[in-house]
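[1] Let me see the structure of the following:
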Amino acid sequence: MIRPCTDSDFEQTYEIINDAAHAYKGIIPADRWYEPYMSRHYLQHEIEAGVVFYGYEDQGRLIGVMGIQDVLDVTLLRHAYVRTAARGKGIGSRLMSHVKDLIARPSLVGTWAAASWAISFYEKHGYRLVSREEKELLLRKYWSIPDRQVETSVVLADEKWLTMRAVR
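    Presented below is the predicted three-dimensional model:
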């Protein structure tokens, strides 16, 4: 079952993010890796900044989460993670389908350039990499991340955004 996460899901969301993020250790630049990958304080900050999480629940336990955040004229996909033990079972795809149905505006997703599995996942779901120049502009416009993270990230856009860009 996929449902909106509530305040009572905070600890499980924190656990899922930090369990699943271990896939990035040794892949992303060492200066961008933290232990834990996302602190409770930062997770709370993201929620307060408008990230709304949806969780995939199985037998009363969350095993995957994905957030969306409306920023200016787009919706950002944020913090998509599935517990390590539950990977490869279609949970991420189910979460993606669910949140895509909720999004009416053009959407973007940012991820680490070295995370080829994440890029492939988003491409499988209709997102396309934007150019390096667009990536720089988009990350600075829609995200609040350090310059080093901008350097080492990519942005993927959905068809609505690509169409909107072409019209401009």
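[2] and L76, that's in a helix?
    No - counting by DSSP: H, G, I helix; E, B strand; the rest coil, L76 falls outside a helix, being strand.
[3] before we move on, which element is M66 in?
    strand 61-71 (DSSP states H and E).
[4] okay, now E133: neighbour count?
    8 (other CB atoms under 10 Å). C-beta here means a position set from N, CA and C on the backbone, and glycine is covered the same way.
[5] In the protein, mark out all the helices, start to finish.
    10-20, 40-48, 91-102, 116-124, 132-142, 147-151, 159-167 (DSSP state H).
[6] List the buried residues of the strand holding M66.
    Across strand 61-71, burial judged by 16 or more other CB atoms under 10 Å covers L62, I63, G64, V65, M66, G67, I68, Q69, V71.
[7] Point out where the chain drops to low pLDDT.
    Along the chain, the model assigns pLDDT under 70 to residues 168.
[8] Quick check: bridge partners of F53?
    Following DSSP bridges, F53 is listed with bridge partners G67.
[9] Could you check how far it is from D101?
    With distances taken as CB to CB, to the nearest Å, F53 is found 16 Å from D101.
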